[in-house]
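[1] here you go, sequence then predicted model.
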Amino acid sequence: MTQPFHAPHHGSHRLVERWKAAAADRRARAAARRWRHFGTEPRWARSDLPARRLLGRIFVPFFLLGTVVFTLLAANALPAPHADRAFFTGLAVLCAVSTVVAVIDLIVIRRRLAEQRRWHR
């Protein structure tokens, strides 16, 4: 009767553990870099995350509405005086980019607030 072939581990488990430890070490060093002070700024200087979150929550719907309205104006779906298609297209793109930037900022703010809660700051 033949035995199934089993490849020897040769420390593969230790290698995986070493990779996990290295990844945890990189995360710890990145967190330490984030809170490092160089002496040129106030000791606890941080951006006002709740105010940024409020502004993001207010302006995301406005930018989204502007994107929709300017897209409809560019497509001549809405009546507009002096309908310049390129102008409305540019405004629609500007509003769309602003919407994406504001949403990304809200995601970053959520992550940073969670980090502050985790580090009790």
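    Looks like it arrived, so ask away.
[2] pull the number of nearby residues for A22.
    By other Cβ atoms under 10 Å, the residues close to A22 number 10. To be clear about C-beta, it is placed using only N, CA and C from the backbone, and glycine gets the same treatment.
[3] what helix or strand is it on?
    Assigned by DSSP states H and E, A22 belongs to helix 12-34.
[4] that helix: how far from the chain's middle?
    23 Å (Cα atoms, centre = their mean, to the nearest Å).
[5] what's the average pLDDT for the helix or strand just after that helix?
    Using DSSP H and E, the helix or strand that directly follows helix 12-34 along the chain is helix 49-74. Mean pLDDT, helix 49-74: 94.
[6] just checking, what packs against helix 49-74?
    In terms of contacts (3 or more Cβ pairs under 8 Å, 6 or more residues apart in numbering; DSSP states H and E), helix 49-74 is packed against helix 85-118.
[7] for the helix it packs on, name the packing helices and strands.
    Judged by 3+ Cβ pairs under 8 Å, 6+ apart, helix 85-118 is in contact with helix 49-74.
[8] buried set for the helix it packs on?
    Under the neighbour-count criterion of 16 or more other Cβ atoms under 10 Å, helix 49-74 has 52-53, 56, 59-60, 63-64, 66-67, 69-71, 73-74 buried.
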